[in-house]
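[1] Here is my input, please return the structure:
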Amino acid sequence: MADVCGQVLLGSGLTVLSHPLMYIKVLIQVGHEPLPPTLGRNLFGRQVYQLPGLFAYAKHIIGIDGRAGLFKGLGPRLCAGTIGTVVHSKVVAIYQYLNFSDLLCFQQTTREMVARSCATIVTHPFHVITLRCMVQFIGRETKYRRVFIFLCFLFPSGLIPRLLGDVLSLWICNLLYNSISQRSVCGSVSCSSSSVLQFFASMLTYPFVLVSNIMAVNNCGLAGGRAPYALKYHTWLDCWKHLSREGNMSRGNSLFFRKLPAGKTYAVDQKRFF
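    Numbering: from 1, shown residues only. Prediction:
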């Protein structure tokens, strides 16, 4: 129990610190570009038009909503993190109770997959409300200012691509980790190498995160979830196909050195590219 409490406290602290980054990333993912491109220089010193990065975007939000505006949606996200940690630990405890403590890589990954999936399914409604609270910034709505907890369970939007992304990322990371460990002279992989593998896996599965977040707000009554920002997608596969055709599968993946989308025109009045 003490370990779970410690994980909850640590996770909550990291959530608070990282929340502004997630907030800005989500707004970029749905296509909101409140600031026009500016002429700057890339890593090689060549002049190029760039989109405002993390700090410029954050300054824009602060100018409208103040510093507290960077923490919209923090409440339901903290709830999701706390409940997810408890559910994850309970599932792992069941495996240990069934004497599955000494597991091979495949079995360990399967156990972690089940634990993460259970936590994701249980907490997904809170995740959806977190995203919708953030996207309200676009249309200045207040629909999700006061949301009763029981209403959370009405929103399964975006769950399937989120689960698929989590599962694929886990298996890619763990299988690569195990493969490298077996070939390593010392039989183990350093923390830095493990972090690189996690980053690599997250890059490969980023389109699932993007599609999941867009579907969570799609056609939900908010300005950021309907035209001109998005079409009305019937399934997450429709969203995937549309983003792929438009070349937007990596939108929001980077918060620094953001390139101007090729072949796109910036609409000042709509604050987006088309």
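[2] Would you mind listing where this structure has pLDDT under the threshold?
    Where the chain drops to pLDDT under 70, the residues are 1-2, 98-104, 145-155, 183-193.
[3] tell me the centre residue of it?
    The residue lying closest to the centre of the chain (CA atoms, centre = their mean) is V209, at 5.5 Å.
[4] Go ahead and confirm that one touches D166.
    No - using CB atoms under 8 Å, V209 and D166 do not qualify as a contacting pair, with a distance of 9.0 Å. For every residue, glycine as well, the C-beta is placed using N, CA and C.
[5] Need the overlap of contacts for those two.
    Here V209 and D166 have no joint contacts, going by CB atoms under 8 Å, 6 or more residues apart in numbering.
[6] A helix includes the residue nearest to the centre of the chain, no?
    Yes - the assignment for V209, made by DSSP: H, G, I helix; E, B strand; the rest coil, places it in a helix.
[7] S179 versus the closest residue to it other than its chain neighbours, what's the distance?
    Among residues not flanking V209 along the chain, G165 sits closest, at 5.4 Å (CB to CB, 6 or more residues apart in numbering). Applying CB to CB, to the nearest Å, the value for G165 to S179 is 21 Å.
[8] quick one: contacts for the closest residue to A230 other than its chain neighbours?
    Leaving aside its chain neighbours, A230 sits nearest to N218 (5.7 Å; criterion: CB to CB, 6+ apart). Going by CB under 8 Å, 6+ apart, N218 touches 157, 225-226, 230, 232-233, 239.
[9] Could you export these as a markdown table, including distance to I64, secondary structure and neighbour count?
    Listed next are the contacts of N218 as a markdown table, based on distance: CB to CB, whole Å; DSSP: H, G, I helix; E, B strand; the rest coil; neighbours: other CB atoms under 10 Å:
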| residue | distance to I64 | secondary structure | neighbour count |
| --- | --- | --- | --- |
| S157 | 27 | coil | 25 |
| G225 | 20 | helix | 24 |
| R226 | 21 | coil | 16 |
| A230 | 22 | coil | 19 |
| K232 | 28 | coil | 10 |
| Y233 | 29 | coil | 20 |
| C239 | 28 | helix | 21 |
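[10] between those residues, which is nearest I172?
    For those, the residue nearest I172 by CB to CB is C239; the value is 22.5 Å.
[11] residues in contact with the nearest residue to the closest one once chain neighbours are set aside?
    Once flanking residues are discounted, C239 sits nearest to Y233: 4.2 Å by CB to CB, 6+ apart. Neighbour list for Y233: 214-215, 218-219, 239, 242 [criterion: CB under 8 Å, 6+ apart].
[12] redo that, cut-off 10 Å
    When contacts are counted by CB atoms under 10 Å, 6 or more residues apart in numbering, Y233 touches 157, 211, 214-215, 218-219, 225, 239-243.
[13] Quick one: those residues as a markdown table, columns for distance to C5 too.
    Formatted as a markdown table, the contacts of Y233 follow (distance: CB to CB, whole Å):
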| residue | distance to C5 |
| --- | --- |
| S157 | 32 |
| V211 | 34 |
| I214 | 35 |
| M215 | 34 |
| N218 | 37 |
| N219 | 39 |
| G225 | 36 |
| C239 | 38 |
| W240 | 39 |
| K241 | 44 |
| H242 | 44 |
| L243 | 40 |
